[in-house]
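**Student:** model the structure of this input:
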Amino acid sequence: MKRPKKQRQQALQDSIKENPFVTDEELSIIFDVSVQTIRLDRMELAIPELRERIKHVAVKTFEDEVKSLPIDEVIGEIIDIELDQKAISIFDVKPEHVFQRNQIARGHHLFAQANSLAVAVMNEDLALTVKSELQFLRPVRAGQRIVAKAEVIDNYPEKNRAFVKVTSSVEQQTVFIGTFEMYRMTEQSEGDVK
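**Tutor:** Now for the predicted structure:
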């Protein structure tokens with residue numbers, strides 16, 4: 001059902017705020033309107049096109065914010081992070097990331113993106129993965145962009161543990177879910193990995 005213009009524009013702003021990488025084509029499907037209507041709404045709301053939104057996000061670097069590993073060891077590009085809260089990264093699947101026979105991305109690339117994001121979101125100098133539960137839900141192919149969103153869902157400082165859920169999607173479709181139990185080393189806990 002089509003929404004009134006004001007409602008649609010408010011929902012459009014919320015959608016783009018939540019996922020700055022959503023395309024006009026995807027938004028037209030979500031709101032059941034034409035791509036031209038989405039473009040007009042964006043112009044009225046002074047929301048730049050996708051390419052400009054990506055450039056704006058990419059200008060900010062997170063090298064000084066990530067504590068638990070060097071930023072160049074994160075698989076994918078971090079575009080947003082709030083330590084001990086949440087983080088987002090993007091990973092463009094290239095031909096070298098897929099099986100030659102079927103052009104489907106190797107699973108370890110999806111895992112590496114999600115796991116390194118789970119480590120990066122920890123607000124500690126050292127964070128290690130203790131355990132993970134993984135679900136590969138859909139194949140990802142060369143040329144697609146994976147958007148991974150990490151969220152710290154539980155935190156137990158007295159046990160030096162945190163749980164991070166990472167949901168990865170391609171074009172709004174969930175392709176991977178990982179839940180990571182993380183060990184975080186504080187000054188008090190150094191040398192006490194159990």
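**Student:** from here on, just use CA atoms for contacts and neighbour counts.
**Tutor:** OK.
**Student:** all strands of the chain, in order?
**Tutor:** With DSSP state E as the criterion, the chain has strands at 77-82, 86-92, 126-136, 145-156, 161-170, 173-185.
**Student:** export those strands as CSV, with columns for mean neighbour count.
**Tutor:** Converted to CSV, the strands of the chain look like this (neighbours: other C-alpha atoms under 10 Å):
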stretch, mean neighbour count
strand 77-82, 20
strand 86-92, 20
strand 126-136, 15
strand 145-156, 20
strand 161-170, 23
strand 173-185, 21
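**Student:** please produce TSV containing these, extended by mean pLDDT and distance to K5.
**Tutor:** Listed next are the strands of the chain as TSV, based on pLDDT from 0 to 100; distance: least, C-alpha to C-alpha, whole Å:
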stretch	mean pLDDT	distance to K5
strand 77-82	87	30
strand 86-92	92	30
strand 126-136	94	38
strand 145-156	94	29
strand 161-170	96	28
strand 173-185	94	26
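**Student:** spatially central residue for the protein, please.
**Tutor:** A148 (2.5 Å; C-alpha atoms, centre = their mean).
**Student:** next, the contact list for M185, please.
**Tutor:** E124, D125, L126, A127, N160 (C-alpha atoms under 8 Å, 6 or more residues apart in numbering).
**Student:** oh, that last question was meant for H97, not what I typed.
**Tutor:** By C-alpha under 8 Å, 6+ apart, H97 lies in contact with A105, R106, H109, A142.
**Student:** care to break this structure down by domain?
**Tutor:** Following the TED database, the chain resolves into domains at 5-58, 68-185.
**Student:** first to last residue in the longest one, what's the distance?
**Tutor:** What that stands for is domain 68-185. Domain 68-185 stretches 10 Å from its first residue to its last (C-alpha to C-alpha, to the nearest Å).
**Student:** gap between that domain and the chain center?
**Tutor:** 7 Å (C-alpha atoms, centre = their mean, to the nearest Å).
**Student:** now swap in the first one and tell me
**Tutor:** Computed by C-alpha atoms, centre = their mean, the separation of domain 5-58 from the middle of its chain amounts to 19 Å.
**Student:** against F91, how distant is the nearest residue to I90 once chain neighbours are set aside?
**Tutor:** Computed as C-alpha to C-alpha, 6 or more residues apart in numbering, the closest residue to I90 that is not its neighbour in sequence is V147, at 4.6 Å. Distance of V147 to F91, given as C-alpha to C-alpha: 7 Å.
**Student:** E82 now?
**Tutor:** 19 Å.
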